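Novice: Have a look at this prediction, sequence included:
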2 protein chains.
Amino acid sequence: MFRYAARSLSAKPCYVSPRVIEAEYAVRGLIPCRADEIKADLAAGRGSYSFKSLVYCNIGNPQSVGQMPLTFYRQVMALVDAPVLLEDAEIVARLPPDAVARARRYLTEIGRGTGAYTDSFGYPFARATVAAHINEHDHGVSPSVTADDICLTDGASMGAKLFLQLLVSGASDAVMIPVPQYPLYSAQIALLGGVKAPYYLRESEGWTMKLSDLVAAYDRCVAESGAKPRLFVCINPGNPTGSVLERSVMEDVVRFCHERDMLLLADEVYQENIYDARRQFVSFREVVLGMPAPYCSETMLVSLHSTSKGVIGECGRRGGYFCMTNLPAELRQQVLKLCSINLCANVNGQLMTALMCSPPREGEASYDMYRREWDQIFTGMKDRAELLARELGTVRGLSCQPVEGAMYAFPKIELPERYAQRNEELNAKEGRKLSLDARWALELLEVSGIVVVPGSGFGQEPGTLHFRITILPPLTQIERMVRSIREFQDRIYEQYA
Amino acid sequence: MFRYAARSLSAKPCYVSPRVIEAEYAVRGLIPCRADEIKADLAAGRGSYSFKSLVYCNIGNPQSVGQMPLTFYRQVMALVDAPVLLEDAEIVARLPPDAVARARRYLTEIGRGTGAYTDSFGYPFARATVAAHINEHDHGVSPSVTADDICLTDGASMGAKLFLQLLVSGASDAVMIPVPQYPLYSAQIALLGGVKAPYYLRESEGWTMKLSDLVAAYDRCVAESGAKPRLFVCINPGNPTGSVLERSVMEDVVRFCHERDMLLLADEVYQENIYDARRQFVSFREVVLGMPAPYCSETMLVSLHSTSKGVIGECGRRGGYFCMTNLPAELRQQVLKLCSINLCANVNGQLMTALMCSPPREGEASYDMYRREWDQIFTGMKDRAELLARELGTVRGLSCQPVEGAMYAFPKIELPERYAQRNEELNAKEGRKLSLDARWALELLEVSGIVVVPGSGFGQEPGTLHFRITILPPLTQIERMVRSIREFQDRIYEQYA
């Protein structure tokens, strides 16, 4: 993030697509921008703050807050990037034999090396690796995934954007999205000029969804906008909610989508991030294919995954894939065309995706180290998830559902009426329209250096307030964060209750 | 590329956005798809072809046809990917000291390593490197580029798509594009529901452009569609034309854009690929800033570059950048928002972009090897460019403008009237609508294994026929290709003239 110099301010009015102006993306919006200003102040010794550093809890970016990469994956990637290293026996001798063997195999598969565009859908061997991984994890369902069902993407975002583009051409096309949701979806719908058909998750019931709510949301959209919902977006495990769906609810969703000819877009990027022992991740593909006909054979499903989350946390690679189930051939042809316009996903992301789907196995040289690194990262996330939900729930005016999965808590904030009035007065004075939760997050940042995202950036039931906070910073920072939020809320209540 | 199994053909009609159906991308369209089928046949020993292998001349993908990567860049990238290698003194001792030093410096700049999302515009150090590179190459102009004017992207395509999205919201917004053009532009305009305002390049004058043509094209667009042209796309050196613009023509373009409030989108990805000694690349930034006010201070310019072309040829990295000149602050804010929705470009592409902009310097350990590799690649391209244009010009029914730059020849095809009639008859029989040049390219592929792209995929003056062919395959393949095309044309003339 950075601020622009004012030098290029033009006198002329400046045209921008109204769709672009409409799009919003809070995860990197007002609060993180202000945080970057403060960070620059702290580095330059400017300003007077009561803290020496910021705690960034606004974005699911694990390695930016200290998580280490998994060594094996990086070794293989380096060797594939620079095959010249493999020609040096002394270097090869100093690296684990399974990393060397893996790199050699990948290079054989790739052929000419990583400098070329790949097939539009990505390296065939990497797609086959992903397919095998899915077949191994989705138990007892058929037909099997093949490499042709897989497309490697620049992060999961590219897949989400592609399918929205495929089915939304303007105001006659709607997309059902959860509230709260990951704002990529609402932003992309705005950019396409489409209609949002929001369905609310039930906070008090662990952020689950109810079929009756879905039906009502669908009917409301059709009645109010005349638009036809084309896709149903489901994020499981939930972002920002941290909830994990039960199979029976997922079956309701499948029937609901099938009956209304909606493509089910399953955002499953947090599938490895399950912390609650009573929950387990079941993929929508497993659910769909486990249901009777016509659901198993006709429900159009696109499943998204990414190298950015899980335990691997390789955000910078922009790796990921989508998997297509029951997509008609004519739709697939259009998908292929869209991918071909993009040429291909970046090869390092493709390699990281293949690696994520084929970690070292027991008995291989790197297995013990991989296991140790994996366990340490996962245990840390699990501990912090539990701690966060528990501690935030004891803060005055906050309540927090369990963080069953994903990387976030999404606590509800209750604030004194006078704090809300004060926001109105400040907005009038400052000439801006900060929502109440944005004011709260901004003031939290100014007094404590904690960077969170206001709930309004994700959507929330009218009249409620929330914030999203990641479980990623090291434990000491999480503890400082909880302490700061507690003091901040106590002070608000002292002053304004 | 691959073919889809028919198993998922649905009985129900299938909705697809009409904008997606409208979009076309010939570079990976019919001909390359058929080529991949033939390739599979050859590998499996199926079919009877008169050749043993294909010559892929359809796409500017140098390392897929034998070009080697520049060693220094790959060494640095491998070390930055796997810093664990830098901890091993024995490995470090076996690598060039400047590669090691560069990797250490990049890692210091990056901070936590390559596993994290970067700033929305990319690593600040990499943007500063790009800025310094531009300032060094654009002579005698001010103000200097700063890191804040640079955004790192996934290839140049991402920048092109972003600015089209920024200024095109539907049928009221037009984009001036050259004919012929790189089909990313026409495809993206179709996806945005915008209007194409084509301006023709003058083939007989070396594919240059004339101001009077631009004015006429603008006026025609406004009169016929009512849409306002928001951007002017200029590809220099030209794709697919291989031509290099003269400064005086570029100044005409700048005045033309300024007077009509159009953003000038300068696709300069082939800036290093100049083969004609009488030509040199001048950037639009240098031209704009070298002109008197108000042109130098007000003309909105976005310049695109990529790691995929030039001599580096690192297509798989999807690296690139755009540079903004004279963009109003309110526009820049929207650009930043769009980038933030995309999170960031992939880090390996960012690193490769930084490396491309700061190669080894004289006196550094890797300089000699870098120079040798660079010269060999460049000389090869230059030789093949000259050979291709010269030889193709001697084929019956073909004429070819000089390949001054870029990576392609775009010869004009004349065909006997009866060959054209036969295409109509075949189309009627086959129930398809192959354009005449697509028929020609398809038959060339079937009889000779040469993969080219028909001119209709790029646009051409009505009544003319062309094909695009890359200069990239090794010399022996280029020679085989010319021979095949000569025989093919001779046979057509024998049979149908």
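Specialist: Alright, I've got the coordinates.
Novice: average pLDDT across the longest helix belonging to chain A?
Specialist: The longest helix of chain A (DSSP state H) is helix A:367-392. For helix A:367-392, the mean pLDDT works out to 95.
Novice: can you check stretch A:445-453 too?
Specialist: Computed over stretch A:445-453, the average pLDDT equals 95.
Novice: end to end, how far does it reach?
Specialist: Stretch A:445-453 has an end-to-end distance of 10 Å (criterion: CA to CA, to the nearest Å).
Novice: Same question for stretch A:300-312.
Specialist: 29 Å.
Novice: ok, now stretch A:448-456?
Specialist: 21 Å.
Novice: just stretch A:285-293 next, same as before
Specialist: 14 Å.
Novice: What residues of it count as buried?
Specialist: A:Arg285, A:Glu286, A:Val287, A:Val288, A:Leu289, A:Gly290, A:Met291 (16 or more other CB atoms under 10 Å in any protein chain shown). (C-beta placed from N, C-alpha, C; glycine too.)
Novice: quick revisit: what about the longest helix of chain A and chain B, any contact?
Specialist: No: Helix A:367-392 does not reach chain B (CB under 8 Å from any CB of the partner chain); its nearest approach is 10.7 Å.
Novice: list the contacts for the nearest residue to A:Leu301 once chain neighbours are set aside?
Specialist: Nearest residue to A:Leu301, sequence neighbours excluded (CB to CB, 6 or more residues apart in numbering or on different chains): A:Thr325, at 4.1 Å. When the contact criterion is CB atoms under 8 Å, 6 or more residues apart in numbering or on different chains, the partners of A:Thr325 are A:Val145, A:Asp149, A:Arg285, A:Val288, A:Leu289, A:Thr299, A:Met300, A:Leu301, A:Val302, A:Ser303.
Novice: which SS class is A:Ile38?
Specialist: Put simply, A:Ile38 is helix when judged by DSSP: H, G, I helix; E, B strand; the rest coil.
Novice: In this structure it contacts A:Tyr49, no?
Specialist: Yes: using CB atoms under 8 Å, A:Ile38 is in contact with A:Tyr49, at 6.7 Å.
Novice: Looking at the two now, which is surrounded by more residues?
Specialist: For the pair A:Ile38 and A:Tyr49, the greater number of neighbours falls to A:Ile38 (19 against 16), based on other CB atoms under 10 Å in any protein chain shown.
Novice: neighbouring contacts of the helix or strand A:His133 falls within?
Specialist: Element membership for A:His133 (DSSP states H and E) is helix A:124-137. Here helix A:124-137 makes contact (CB under 8 Å, 6+ apart) with A:106, A:109-110, A:121, A:144-152, A:283, A:285, A:321, A:323, A:350-351, A:353-354, A:357-358, B:2.
Novice: number of nearby residues for A:Ala385?
Specialist: Look at A:Ala385: counted by other CB under 10 Å, it has 26 neighbours.
Novice: Pull the contacting residues for it.
Specialist: A:Gly242, A:Tyr275, A:Val403, A:Ala409, A:Ile471.
Novice: Can you tell me the closest non-neighbouring residue to the residue of the stretch 151-300 of chain A found nearest chain B?
Specialist: Of all residues in the stretch 151-300 of chain A, A:Ser169 sits closest to chain B, at 3.8 Å by CB to the nearest CB. Leaving out its chain neighbours, the residue that sits closest to A:Ser169 by CB to CB, 6+ apart is B:Ser17, at 3.8 Å.
Novice: how about the helices in the stretch 101-250 of chain A?
Specialist: A:124-137, A:155-167, A:184-192, A:211-225, A:247-259 (DSSP state H, counting those that start in this stretch).
Novice: I'd like the contacts of A:Ala385 laid out as JSON lines, including neighbour count, secondary structure and distance to chain B.
Specialist: Shown next, in JSON lines, are the contacts of A:Ala385 (neighbours: other CB atoms under 10 Å in any protein chain shown; DSSP: H, G, I helix; E, B strand; the rest coil; distance: CB to the nearest CB, whole Å):
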{"residue": "A:Gly242", "neighbour count": "29", "secondary structure": "coil", "distance to chain B": "20"}
{"residue": "A:Tyr275", "neighbour count": "23", "secondary structure": "coil", "distance to chain B": "21"}
{"residue": "A:Val403", "neighbour count": "32", "secondary structure": "coil", "distance to chain B": "21"}
{"residue": "A:Ala409", "neighbour count": "29", "secondary structure": "strand", "distance to chain B": "20"}
{"residue": "A:Ile471", "neighbour count": "26", "secondary structure": "coil", "distance to chain B": "16"}
